[in-house]
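J.: show me the folded form of this:
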Amino acid sequence: MELFSSARSLVQQHEPDRPVTCLRPEMANRAATYFKNRFPGKILYAVKANPRLEIIDSIYNAGINHFEIASLSEAELLYGRYPECHLAYMHPIKSRGSIKNAYFKYGVRDFALDSVDELNKILVSTDYAEDLNLFVRLAVPNDYAEFNLSQKFGASPAKVAHILSCIRPVSKKIGICFHVGSQCMSPSSFSSALKTVGQIIRSSGLILDIIDVGGGFPSIYPNLAPPPLDAYLDEIRTIKERIPVINKCEIWAEPGRALVAEGASTLVRVDHRKEDHLYINDGTYGSLFDAGFPGFVFPVKPIRKAGNFSASLSPYSLFGPTCDGLDYMKGPFILPEDMKEGDYIEIGQTGAYGCTMRTRFNGFYSDRTVILSDLPILSMYQRSSHEWQLVGG
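T.: Below is the predicted model of the structure:
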């Protein structure tokens, strides 16, 4: 794969006609190192956030060899590539065939569920295996998240207690898992969920082997500047000490976005300008889904092969290349006021879900990928003399 010192260097050498995915694997490595050093438990990388092997290799090389999967395709991607790889199938609703193959073909022993029906499905599909670790998905408020996941999955606290009593006799280990929602902007969401877990433990009298706090750990965007990640980890650590669990109870987390957002950017070209709208060659059907309906404002950097930009800045909206009016990114994206056709824009933080959400709609698709050696446009991390630490929030 080609290596460039920056997106500007790529433009100067090639003037690409198609969008280019610009990977920064070292950024994923430093984020993984931060979590591994700071989180008070086990880290499972949420593979759905970015399944590029260059990124996963970087995370694995940081010492994370546990992965959260949501499909057999993700299991197949990982199985055999990474020695001592541990896969946890944390999607609460799965087909019988996927459960069977996950268990017998890919060695998965950890499964999430949110109903007795799913429990029965897992038991039958694994031939009533005696080495299962089963997690009940608790529905928790997603009030401070940019993506609400609480309506699709999870059981109420009362139902969780009942399901736990059902899985205890048939599981090697039992646990509770939850998800506070993607891009969670408040550490209190984790403490609130953990307090509910504590209430379930007290009311049920059951002893948990594992508590999985899920994902939701945020990245940083111009319109979404979360508290430092230390605040999230401190909240989890503090509340965990107050709930009635035995000392050997494990704590798991499934970061995705926070590990990989800075691990890639997307280089696009301006094909047309209409007042304060820029028409670019990638969009919401490509690498920029989060900038569409969810309304994320990605960090941007203008690039012009020759000549200088105006020092005055203006807010822009972006349109993608397809014929669909939904291919629209409101922004505002702050760029020089003299942006014009032929200019390029590096769009940051697309390491999370940029590669995953890309489609071939209208025939627009680009899989050209390069590696950049410079730093991302925005970062929550910096390098100290000993380890990766947070820049701030």
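J.: and Gly363, how far from Pro321?
T.: Gly363 is 9 Å from Pro321, where distance means CB to CB, to the nearest Å. The way it works is simple: take the backbone N, C-alpha and C, and place the C-beta from them, glycine included.
J.: higher neighbour count, the two?
T.: Using other CB atoms under 10 Å as the criterion, Gly363 and Pro321 rank with Pro321 on top: 23 against 7.
J.: is the more buried one in a helix, a strand, or coil?
T.: State at Pro321, reduced to three classes by DSSP: H, G, I helix; E, B strand; the rest coil: coil.
J.: tell me how far it lies from Phe298.
T.: According to CB to CB, Pro321 stands 17 Å off from Phe298.
J.: over to Gln12?
T.: For Gln12, the distance to Phe298 - CB to CB - is 23 Å.
J.: which one of these two is surrounded by more residues?
T.: Taking neighbours as other CB under 10 Å, Gln12 and Phe298 compare with Phe298 leading, 27 against 14.
J.: need the pLDDT of the closest residue to the more buried one other than its chain neighbours.
T.: Distance criterion CB to CB, 6 or more residues apart in numbering; nearest residue to Phe298, sequence neighbours excluded, is Ile347 at 4.8 Å. Each residue has a pLDDT score; the one for Ile347 is 98.
J.: could you list the low-pLDDT ranges of the stretch 251-393 of the chain?
T.: Within the stretch 251-393 of the chain, the stretches with pLDDT under 70 are 382-393.
J.: in it, which spans are helices?
T.: Shown for the stretch 251-393 of the chain, the helices assigned by DSSP state H, counting those that start in this stretch span residues 257-260.
J.: in the stretch 151-300 of the chain, which spans are strands?
T.: Assigned by DSSP state E, counting those that start in this stretch, the strands in the stretch 151-300 of the chain fall at 173-178, 182-184, 210-212, 250-253, 264-274, 277-280, 300-303.
J.: possible to save those as TSV with mean neighbour count and distance to Ala193?
T.: Output for those, formatted as TSV (neighbours: other CB atoms under 10 Å; distance: least, CB to CB, whole Å):
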stretch	mean neighbour count	distance to Ala193
strand 173-178	24	5
strand 182-184	24	10
strand 210-212	25	10
strand 250-253	20	12
strand 264-274	22	30
strand 277-280	20	39
strand 300-303	18	34
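J.: which among these is found nearest to Leu224?
T.: Proximity to Leu224 (CB to CB) singles out strand 182-184 among the strands of the stretch 151-300 of the chain, at 6.5 Å.
J.: hang on, the earlier thing: any chance of the strands of the stretch 151-300 of the chain in TSV, with distance to Ala139 too?
T.: Putting the strands of the stretch 151-300 of the chain into TSV (distance: least, CB to CB, whole Å) gives the following:
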stretch	distance to Ala139
strand 173-178	8
strand 182-184	15
strand 210-212	14
strand 250-253	18
strand 264-274	32
strand 277-280	39
strand 300-303	37
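J.: out of the ones you listed, flag the one nearest Met90.
T.: strand 173-178 (6.3 Å).
J.: does Ser314 touch Pro302 like I think?
T.: No - applying CB atoms under 8 Å, one finds Ser314 not in contact with Pro302, separated by 11.1 Å.
J.: list residues touching both of the two?
T.: Counting by CB atoms under 8 Å, 6 or more residues apart in numbering, the common neighbours of Ser314 and Pro302 are Leu335, Pro336, Met339.
J.: contacts only, for the residue nearest to Phe298.
T.: By CB under 8 Å, 6+ apart, the neighbours of Ile347 are Ser265, Thr266, Leu267, Val268, Ser287, Leu288, Ala291, Phe298, Pro299, Val300.
J.: one more time with 7 Å
T.: Taking CB atoms under 7 Å, 6 or more residues apart in numbering, we find Ile347 in contact with Ser265, Thr266, Val268, Leu288, Phe298, Val300.
J.: repeat that for Phe67.
T.: By CB under 7 Å, 6+ apart, the residues touching Phe67 are Leu44, Tyr45, Val47, Leu78, Cys85, Leu87.
J.: show me the shaky parts of the stretch 101-250 of the chain.
T.: For the stretch 101-250 of the chain, no stretch is flagged by pLDDT under 70.
J.: please repeat the previous calculation with a cut-off of 80.
T.: 147-150, 246-247 (pLDDT under 80).
J.: from Ala253, how far out is Ala225?
T.: Per CB to CB, Ala225 is found 21 Å from Ala253.
J.: what do you get for Ser203?
T.: 25 Å.
J.: with Gly205 instead?
T.: In terms of CB to CB, Gly205 sits 26 Å off from Ala253.
J.: just Ser98 next, same as before
T.: Taking CB to CB, one finds Ser98 at 24 Å from Ala253.
J.: select from the shared contacts of Ser314 and Pro302 the one having the most neighbours.
T.: Ranking the shared contacts of Ser314 and Pro302 using other CB under 10 Å puts Leu335 first, with 23 neighbours.
J.: okay, now Asn133: neighbour count?
T.: 18.
J.: now Arg368
T.: The burial count for Arg368: 14, using other CB under 10 Å.
J.: dump the residue contacts of Glu341.
T.: Contacts of Glu341 by CB under 7 Å, 6+ apart are Val270, Asp271, His272, Arg273.
J.: can you pull the contacts of the second one?
T.: Which is Asp271. Contacts for Asp271 (CB under 7 Å, 6+ apart) come out as Tyr279, Ile280, Asn281, Glu341.
J.: distance to Val370 added to those, as a markdown table?
T.: A markdown table is the format used below for the contacts of Asp271 (distance: CB to CB, whole Å):
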| residue | distance to Val370 |
| --- | --- |
| Tyr279 | 24 |
| Ile280 | 18 |
| Asn281 | 16 |
| Glu341 | 23 |
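J.: separation between Tyr36 and Gln183?
T.: I think there's a mix-up here, since residue 36 is Lys and not Tyr. 21 Å.
J.: typo on my end, Gly263
T.: Taking CB to CB, one finds Gly263 at 16 Å from Gln183.
J.: what does Asn61 give?
T.: Noted for Asn61: a distance of 26 Å to Gln183, by CB to CB.
J.: Lys100 - nearest residue in space that isn't next to it in sequence?
T.: Per CB to CB, 6+ apart, closest to Lys100 is Ser125, 4.5 Å.
J.: how about Pro25?
T.: The shortest distance from Pro25 to any non-neighbouring residue, by CB to CB, 6+ apart, is to Ser58 (3.8 Å).
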